[in-house]
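*Asks:* structure, please.
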Amino acid sequence: MNGRIVATAVAVLVLGAGATGAKAQMLAAAALKDQAPAGAAMGDYRIGPQDSLEVDVFQLSDLNRTVQVDSGGRIQMPLIGEVQAAGKTSEQLSADIAAELGKKYVKNPQVTVVVKDAQGQRITVDGAVGQPGVYTLTGPTTLMQAVALAKGPDSKLANLHKVVVYRLVGTERVTTAYDLQAIRDGKKADPLIFGKDVIVVDQSGGKTFLRDLGTVAPIVSVLRWGW
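*Replies:* You can find the predicted model right below:
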């Protein structure tokens, strides 16, 4: 059994056993770490606006800096000025900066660009989960693993048969519904989640009703008996 299968199996077992909270998040993160080698998450990542980048020029510390990609997709670098960054991988941008520096200023420059904060790698998990919020993907991530990052489904409210993923494809937002229970049971494939996806775990109408009833019942009793 290879590492990728083992990592996926770990995440499945974590959620299948009902692990929640910090333990589920820790184990899911460990599974992701084992699933992909270090740096794999960003290897094919295309830099986008507002991403934070760390630029290092070997043996030229005056040129090293942390920069943020502006809304137009550009960064500012010493000596060479404005450089287009959006739409490129870290390796491509490194090569472009090295080429510009090599034209006039530095002989055979060695440039490394690292994405420190990838806005494009963030997802939103909302609805009936333990901790709704915005999370940063650290590697190839499936729907089950994404929900685990939000401390798993709310055991009292979640409707595991309806989890909706909203994805921006070009200028169009595509909506796809998944049965998380069927995925847990191994009856359906666990789909990959991508940066900027929005995941919403539906609330069960019956569970919501019972929860509200539990809140209202004592009040009804007081009104009925005049206590």
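*Asks:* next one, pLDDT for the closest residue in space to residue 73 that isn't next to it in sequence please.
*Replies:* Distances taken as CB to CB, 6 or more residues apart in numbering place residue 86 nearest to residue 73, at 2.7 Å, with adjacent residues excluded. Placement of C-beta: from N, CA and C, glycine included. Per-residue confidence (pLDDT) for residue 86: 87.
*Asks:* dump the residue contacts of the residue most central in space within the chain.
*Replies:* Geometric centre of the chain, nearest residue: residue 137, 3.1 Å, by CA atoms, centre = their mean. Applying CB atoms under 8 Å, 6 or more residues apart in numbering to residue 137 gives the contacts 41, 121-123, 193-195.
*Asks:* what's the PyMOL line that selects buried ones from these?
*Replies:* With 16 or more other CB atoms under 10 Å as the criterion, this PyMOL line picks the buried residues out of the contacts of residue 137:
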select buried, resi 41+121+123+193+194+195
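*Asks:* and which of the contacts of residue 137 is nearest to residue 108?
*Replies:* Distance to residue 108 across the contacts of residue 137 (CB to CB) is lowest for residue 41, with 29.4 Å.
*Asks:* and for residue 175, the neighbour number?
*Replies:* Residues near residue 175, counting by other CB atoms under 10 Å, number 10.
*Asks:* helix/strand/coil for the closest residue in space to it that isn't next to it in sequence?
*Replies:* Computed as CB to CB, 6+ apart, the closest residue to residue 175 that is not its neighbour in sequence is residue 166, at 5.6 Å. Following DSSP: H, G, I helix; E, B strand; the rest coil, we place residue 166 in the strand state.
*Asks:* wait, isn't residue 166 in contact with residue 200?
*Replies:* Yes - in this structure, residue 166 is within contact of residue 200 by CB atoms under 8 Å, at 7.3 Å.
*Asks:* between the two, which one's more packed in?
*Replies:* Between residue 166 and residue 200, counting by other CB under 10 Å, residue 200 is the more crowded of the two (19 against 15).
*Asks:* doesn't residue 164 make contact with that one?
*Replies:* Yes - using CB under 8 Å, residue 200 is in contact with residue 164, at 4.8 Å.
*Asks:* which ones are touching residue 77?
*Replies:* Residue 77 touches 55, 63, 65, 67, 83, 97, 100, counting by CB under 8 Å, 6+ apart.
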